[in-house]
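Q: model the structure of this input:
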Amino acid sequence: MEQLLKSDPLSIRLSMSGASDQFSLQLEERREDGLLYIDFAIQARECVHFPQTILDVHFPFVNMHSLWTPCPHGNPKSFRNKGIPEWWPHYDSQISQVAPVGSFYSQKGENRLSFALSDANECVKVHAGAYEEERVGRIRLCLFSEPGIARREYKGTLRLDMRSTPYYEAIESLAQWYEWLMKDQQMPVPEAALEPVYSTWYSFHQNLSQQEIEDQCRLASEVGCRSIILDDGWQTDDNNRGYKFCGDWEVAESRFPDMKGHVARVQAMGMKYLLWLSVPFIGQGCKIWNEFKDNLLFYSEQNQTGTLDPRYPAVREYLINTYCRVVKDYNLDGLKLDFIDEFNMAYAEGSALEADPERDTESLPDAVDQLMMGTRQALSAINPDIMIEFRQRYIGPMIRKYGNIFRVHDCPNDSIMNRMSIMDLRMFSGDTAIHSDMFIWSNEDTAESASLHFINTLFSVPQISPDMKELSAEHLQMTRHWLSFWKAHKDILLKGKLRSHYPEMQYPLIESQLGNRKIITAHGRMVADIFNSAEESIILVNGAMEESLFVRLDEESTVKCMVKNCLGEIVRDEVFTLNKGLNEVLVPPSGYMTLTK
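A: Numbers count the residues shown, from 1 in each chain. Presented below is the predicted three-dimensional model:
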């Protein structure tokens, strides 16, 4: 059963597998403001579980060389991040995992075809790439492939953008469209969410102690951190990095004998305090195991841990009350809520796949929405400036309703992955605060090499995670300098007009402009165009580990130039003339040059 629509140069097909005459399909197009919208509807004679349904778009490959998606995907045998894969690999989108979007773009970074499905709530399998049999491109969105609810009707819209705009503007417009669909319910971002963070995870993991954390916070606050995230380990004496003891969320007094006083002492240092909790996990080692052991989506024998099923109102009530309890008891400023992507019907087993009258909904996405909106509302009532952090891949348009911090997925020591993921998040997350993954570096590393962690994360809120006591004097100076640099320029870095070039090369050239000021970071031997958009002052940061960088001008300019190294020391202060066209300028590795007309 199918409907076919031709809209030059596209061919759109809506098809339902094994469907009978009890269903009807509708497929229509409309054009608004240079955009093509494909509205579709499926109706049934009675309330039933819909069979798998596919929305398929075929289009010619014309000046398309890469594909931006909110997460890596493709054939693992020929994988290229931001590449154009064969059409058949897919990624899953749902309420707690990315979004059904993508952007085909040209070698020059021009949008050629961006797409977005209105449903960022239910599970959608997203295929996008090359369909070699017809020598065309293909977008294939697969609906109702996971266990879901019975229904009589489903409506959706596919937004297609073929305007000749920079790819990053096309992606930003997708985020704005979702904001409109969500009726601007995005969680407000307090100013504290836009300040550097010290995280305990990479240096301490679960080996936490009250005095040690206070010592680390004192040193971190002195170099410019204004929040701490106390990660996994505060709730258990176990150091095996498992989740057997998740669920009760009571402080391990052997580690934190005076948690309330501890939090107050850290806050007196000028730092906000956020606490890690794993949302779905309940381990066999916790006190409430017997109470909720029959309310699970699935169970991991290896981890001796279950994943709670939020379709039970008792589960939602317990989790929301727990978050409120810890925030109130310890006067917390925020929570890091982890692993919500485990709420996934693809993992469901046993009784979770059968109806249960104790549930008040059979829709897992609806249950997650109730849980997370309930959490936001309850915590905001306690503290209107509460901070809630989520991490890739459980980010997306729906999650912006529940949290105000999106953090890059774990990439310890990988500053380039940090940069790439930051840019992916920045373009598609509106004004939600984007944080780097908490980064570390080796004590034996040079200051220039370690500085790359700061340089690659400049366009986000930095999270750092070193053992502050072990930093050498030089590394301490470097850390203090880069956090001071970030704070001095955070308005440009976070609120300026962001332009990111060559995403298929992991964004080796990034710029942000606010008024007549611009910051450019070069992460390779790239050419940066300067003084081409009414800027009077430019900071050019050398993230390429080279001794020089290249800039290009439309006309000759005399500039005042100050060059600093990665420790913030001035190495050159002079006035000189830059020629029209290409210029090579000397900038020390991990240093930067300020040019003022």
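Q: test my guess that residue 275 contacts residue 326.
A: Yes. Using C-beta atoms under 8 Å, residue 275 makes contact with residue 326 at a distance of 6.2 Å. C-beta coordinates here come from the backbone N, C-alpha and C atoms, glycine included.
Q: need the overlap of contacts for these two.
A: Between them, residue 275 and residue 326 share the neighbouring residues 332, 335, with contact defined by C-beta atoms under 8 Å, 6 or more residues apart in numbering.
Q: those two: which has the busier surroundings?
A: Summary of the neighbour comparison: residue 275 and residue 326, criterion other C-beta atoms under 10 Å, with residue 275 having more neighbours (24 against 18).
Q: partner strands of the host helix or strand of the more buried one, with direction?
A: Secondary-structure assignment from DSSP states H and E places residue 275 in strand 272-278. Sheet neighbours of strand 272-278, with direction, are listed as strand 227-230 (parallel), strand 334-338 (parallel) (DSSP bridges).
Q: just how off-centre is stretch 178-193 within its chain?
A: When distances are taken as C-alpha atoms, centre = their mean, to the nearest Å, stretch 178-193 is centred 14 Å away from the chain's centroid.
Q: and it, what's buried?
A: Residues of stretch 178-193 classed as buried by neighbour count (16 or more other C-beta atoms under 10 Å): 178, 179, 181, 186, 187, 189, 190, 192, 193.
Q: in this protein, mark out all the helices, start to finish.
A: Under the criterion DSSP state H, the chain carries helices at the ranges 167-181, 201-204, 210-223, 259-268, 289-292, 313-330, 364-382, 415-428, 447-455, 473-495.
Q: what sits against residue 162?
A: Taking C-beta under 8 Å, 6+ apart, we find residue 162 in contact with 36, 111, 112, 113.
Q: closest one to residue 153 among the helices of the chain?
A: Shortest distance between residue 153 and the helices of the chain, using C-beta to C-beta, is found for helix 364-382: 15.6 Å.
Q: what's that closest one in contact with?
A: Under the criterion C-beta under 8 Å, 6+ apart, external residues in contact with helix 364-382 comprise 94-96, 121-123, 187, 297, 309-311, 315-316, 319-320, 323-324, 327-328, 335, 337, 340, 343-345, 348, 359, 361, 386, 388, 398-399, 401-403.
Q: in ChimeraX, select just the buried ones from the residues you listed.
A: Only the buried entries of the contacts of helix 364-382 go into this ChimeraX selection, using 16+ other C-beta under 10 Å:
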select :94,95,96,121,122,123,187,297,309,310,311,315,316,319,320,323,327,335,337,340,343,344,345,348,359,386,388,398,399,401,402,403
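Q: on that earlier part again, could you work out the most separated pair of the buried residues of stretch 178-193?
A: Comparing the members of these, the greatest separation, given C-beta to C-beta, is between 181 and 192, at 28.5 Å.
Q: could you export the longest strand along the chain as PDB, CA atoms only?
A: Counting residues, the longest strand in the chain under DSSP state E turns out to be strand 35-48. As requested, C-alpha coordinates have been extracted for strand 35-48 and formatted as PDB (Å, rounded to 0.1, in the frame of the first residue of the first chain):
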ATOM      1  CA  LEU A  35      10.900  25.500   1.800                       C
ATOM      2  CA  LEU A  36       9.100  22.300   0.800                       C
ATOM      3  CA  TYR A  37       6.900  20.600   3.300                       C
ATOM      4  CA  ILE A  38       5.600  17.100   2.800                       C
ATOM      5  CA  ASP A  39       2.500  16.500   5.000                       C
ATOM      6  CA  PHE A  40       1.400  12.900   5.400                       C
ATOM      7  CA  ALA A  41      -1.300  11.100   7.400                       C
ATOM      8  CA  ILE A  42      -2.200   7.500   8.100                       C
ATOM      9  CA  GLN A  43      -5.600   6.500   9.300                       C
ATOM     10  CA  ALA A  44      -7.100   3.200  10.500                       C
ATOM     11  CA  ARG A  45     -10.600   2.000  10.800                       C
ATOM     12  CA  GLU A  46     -10.000   1.000  14.400                       C
ATOM     13  CA  CYS A  47      -7.400   1.400  17.100                       C
ATOM     14  CA  VAL A  48      -4.500  -0.900  16.100                       C
END
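Q: what's the angle between that strand and helix 167-181?
A: 40 degrees (axes from the mean of the first three to the mean of the last three C-alpha atoms, to 10 degrees).
Q: show me what counts as buried in strand 35-48.
A: Along strand 35-48, these residues count as buried under the neighbour rule (16+ other C-beta under 10 Å): 36, 38, 40, 42, 44.
Q: closest one of the residues you listed to residue 27?
A: Of all the buried residues of strand 35-48, residue 27 sits closest to residue 40, with 5.0 Å by C-beta to C-beta.
Q: need the contact list for that closest one.
A: Contact partners of residue 40, counting by C-beta under 8 Å, 6+ apart, are 3, 14, 25, 26, 27, 28, 55, 155, 156, 157, 158.
Q: ok, what's across the strand from the third one?
A: With DSSP bridges applied, residue 25 shows beta-bridge pairing to residue 42.
Q: what about it, neighbour count?
A: 16.
Q: okay, who's weakest in the contacts of residue 40 by pLDDT?
A: Comparing pLDDT over these, residue 3 scores lowest. The value there is 91.
Q: that one reaches residue 14, doesn't it?
A: Yes. The criterion here is C-beta under 8 Å, and residue 3 meets it with residue 14 at 4.7 Å.
Q: shared neighbours, the two?
A: Residues touching both residue 3 and residue 14 (C-beta under 8 Å, 6+ apart): 25, 27, 40.
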